[in-house]
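Chemist: need coordinates for the below:
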Amino acid sequence: MLRRHARTACTVLAAAGLALAGLQAGSATAAPHDKDRAPTVRTAADALGAASAQPELLRAMQRDLGLTRAQAENRLANEAEAGARAAGLRLDLGGAFAGAWVDGAESGTLTVATTRAADAAAIRAAGARAEVVTHGLTALERAKEALDRAATAEAPVRYVDVRANVLVVEEARAGAGARLVAATGVPRGLVKVVRTIEAPRPLYDLRGGDAYYMNGSGRCSVGFPITKGTTQGFATAGHCGRAGTSTSGYNQVAQGSFQASVFPGNDMAWVAANSNWTATPYVKGSGGANVQVTGSVLQPVGSSVCRSGSTTGWHCGTVQQHNTSVTYPEGTISGVTRTTVCAEPGDSGGSYISGSQAQGVTSGGSGNCSSGGTTFFQPLNPILQNYGLTLKTTTDPGPGPGPGEPEPGGTWAVGKVYKAGDTVTYGGGTYRCLQGHQAQTGWEPSNVPALWQRV
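Modeler: Okay, here's the model as predicted:
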């Protein structure tokens, strides 16, 4: 999480997403798809571009996860396939679904938990390991919501640990977790209280990297470049500025202004850039190399994820829990993702990416990159959805319908953000969304079974 300070560098950039107009991007943009002739994508790995991961990301995975290059490539492909299988099973299992996760150096094992023993055969038939547990995911998440409403900084982090089938409360002061549970009436049997040495903190106060400045003083980081109609800009953290806050770029050239912002509650905002700046579909990699962004499909628990930060560069780890709640001194942030990726002050605001799929922007954390730490990111799709933004990707065919505008032949629309369970029509059929994502040309429901299931 970032906090704005007058005359102080607040944070630094991990994703160099805006370039001065007229500069060439570091790598070629893929040719646009013709939606009328788009080939069917047969696997999730194909759909999510797992095979196109760039060297900078693979090298970071090798270093931080102890993998060979081949293992890193296999891991990304396995995670893409696992996410699609788990998403389909979640919808099929309904209220009995209790979570899913991947394990192994190459994420070769997908486990899906259920509260019904009778579901085990169907889970195994789908290529996953079945685990029968006591509590459904929905019940645990509702209990977490009750704790969130009463939480203070003494119990700063709450999340559902799907592997352990329990709701975890991290307490910074002895007894705080038990007091929180007692005050809310949540059954004690659902909760595990864990003592934490460090409470999450804002990551700020260092200069460096490709940053932007707010009102000529405080400093924050570009998250992911976006467009809104013909307007170009970027998504970022909400605590960096409020609507109307002016920005200048890393080079102190006038850049744009905040159009909308939410903080606390969530940590999201977007900045509209002026005509001197052009959104590019890249994250800043090691040595300034461009790492391409091809979509925004959120990956499952256990998946690898890498962060680009100007203080510590590229670092990788794994997704621990989605839908985590964190109480900072400034207030509670809900719906963030907890990761094992390290970060230090100055890395805040940087991009999280899995393969070529944008995941979110750094919110805050604890620890460091010497001894290890925990960080949280604000998922990107809710930012895109809330503000009607379109993520800039290397598969972008250029100007087209705005977010939510219907395509010929159905209600499915390029630019719209879909959540798991949403239904659309396309080409005379009805489809159900399996994994949350922002629709783009080439990802029509009939072409991408990893994202859509015909009903």
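
Chemist: any low-confidence regions in the protein?
Modeler: 1-42, 198-199, 201-210, 286, 310, 346, 396-409 (pLDDT under 70).

Chemist: so how far is A254 from the residue most central in space within it?
Modeler: Most central in the chain under C-alpha atoms, centre = their mean is Q359, positioned 2.6 Å from the mean C-alpha point. Using C-beta to C-beta, to the nearest Å, Q359 is found at 30 Å from A254. No exception for glycine: its C-beta is placed from N, CA and C like everyone else's.

Chemist: circling back: which strands and helices sit next to the helix or strand containing the residue nearest to the centre of the chain?
Modeler: Element membership for Q359 (DSSP states H and E) is strand 357-368. On a contact count with 3 or more C-beta pairs under 8 Å, 6 or more residues apart in numbering; DSSP states H and E, strand 357-368 meets strand 304-309, strand 313-328, strand 331-339, strand 351-354, strand 372-379, helix 380-387.

Chemist: and the strands in the stretch 201-350 of the chain?
Modeler: 211-214, 218-221, 224-228, 231-236, 246-248, 254-262, 268-273, 277-279, 282-284, 290-292, 304-309, 313-328, 331-339 (DSSP state E, counting those that start in this stretch).

Chemist: out of those, which comes closest to S52?
Modeler: Checking the strands of the stretch 201-350 of the chain against S52 by C-beta to C-beta gives strand 290-292 as the closest, at 7.0 Å.

Chemist: ok, and what's touching that closest one?
Modeler: 25-27, 49, 52, 54, 56-57, 280-285, 308, 353, 356, 393-394 (C-beta atoms under 8 Å, 6 or more residues apart in numbering).

Chemist: report back the residue of the protein that's furthest from centre.
Modeler: Farthest-from-centroid check, the chain (C-alpha atoms, centre = their mean): A118, 33.1 Å.

Chemist: in three-state terms, label that residue for me.
Modeler: helix (DSSP: H, G, I helix; E, B strand; the rest coil).

Chemist: show me the beta-bridge partners of V283.
Modeler: V291 (DSSP bridges).

Chemist: so what's the residue count around it?
Modeler: 31 (other C-beta atoms under 10 Å).

Chemist: now the one 10 residues further on
Modeler: The local packing of V293 (other C-beta under 10 Å) involves 28 other residues.

Chemist: now swap in the one 4 residues further on and tell me
Modeler: By the measure other C-beta under 10 Å, the count of residues near V297 is 29.

Chemist: before we move on, what about G108?
Modeler: 14.

Chemist: what does S370 give?
Modeler: 9.

Chemist: am I right that it is in a helix?
Modeler: No. Going by three-state DSSP, the assignment for S370 is coil, not a helix.

Chemist: from P382, how far out is it?
Modeler: On the measure of C-beta to C-beta, S370 and P382 end up 32 Å apart.

Chemist: how about the strands of the stretch 201-350 of the chain in CSV, adding distance to K419?
Modeler: Listed next are those as CSV, based on distance: least, C-beta to C-beta, whole Å:
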stretch, distance to K419
strand 211-214, 30
strand 218-221, 27
strand 224-228, 19
strand 231-236, 18
strand 246-248, 30
strand 254-262, 18
strand 268-273, 16
strand 277-279, 25
strand 282-284, 24
strand 290-292, 25
strand 304-309, 20
strand 313-328, 13
strand 331-339, 12
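
Chemist: hang on, isn't G249 packed against W277?
Modeler: Yes. Between G249 and W277 there is a contact at 6.9 Å, judged by C-beta atoms under 8 Å.

Chemist: rewinding a little: of the strands of the stretch 201-350 of the chain, which approaches A183 most closely?
Modeler: Nearest of the strands of the stretch 201-350 of the chain (C-beta to C-beta): strand 313-328, 14.4 Å.

Chemist: and that closest one, what does it pack onto?
Modeler: helix 55-65, helix 137-150, strand 157-161, strand 304-309, strand 331-339, strand 357-368, strand 372-379.

Chemist: state which helix of the protein is the longest.
Modeler: With secondary structure taken from DSSP state H, the chain has its longest helix at helix 69-93.

Chemist: C-terminal to that helix, what's the next element?
Modeler: strand 97-103.

Chemist: buried among the contacts of strand 290-292? Need that as a selection in PyMOL.
Modeler: Here is the PyMOL command that selects the buried residues among the contacts of strand 290-292 (16 or more other C-beta atoms under 10 Å):
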select buried, resi 26+49+54+56+57+280+281+282+283+284+285+308+353+356+393+394
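
Chemist: start and end of stretch 148-160, how far apart?
Modeler: 12 Å (C-alpha to C-alpha, to the nearest Å).

Chemist: check stretch 330-349 too.
Modeler: Span of stretch 330-349 from end to end, C-alpha to C-alpha: 17 Å.

Chemist: residues of that stretch that come out buried?
Modeler: 332-349.

Chemist: elements contacting the helix or strand containing V181?
Modeler: Assigning secondary structure by DSSP H and E places V181 in helix 176-184. For helix 176-184, the elements it packs on are helix 137-150, strand 166-171, strand 191-195, judged by 3+ C-beta pairs under 8 Å, 6+ apart.

Chemist: can you tell me what sits against the second one?
Modeler: Think strand 166-171. Applying C-beta under 8 Å, 6+ apart, the set of residues contacting strand 166-171 is 135, 140, 143-144, 147, 154-161, 177, 180-181, 186, 190-196.

Chemist: pull out the buried members of these.
Modeler: For the contacts of strand 166-171, buried by 16+ other C-beta under 10 Å: 135, 140, 143-144, 147, 154-161, 177, 180-181, 186, 190-191, 193, 196.

Chemist: to L91, which of the strands of the stretch 201-350 of the chain lies closest?
Modeler: strand 313-328 (16.4 Å).

Chemist: the closest one: partners in the sheet, and parallel or antiparallel?
Modeler: Strand 313-328 has these strand partners (DSSP bridges): strand 157-161 (antiparallel), strand 304-309 (antiparallel), strand 331-339 (antiparallel).

Chemist: quick one, which of the ones you listed is nearest to S366?
Modeler: Per C-beta to C-beta, nearest to S366 of the strands paired with strand 313-328: strand 157-161, 9.2 Å.

Chemist: give me every residue that touches T393.
Modeler: P281, Q292, V293, T294, G295, Q440.
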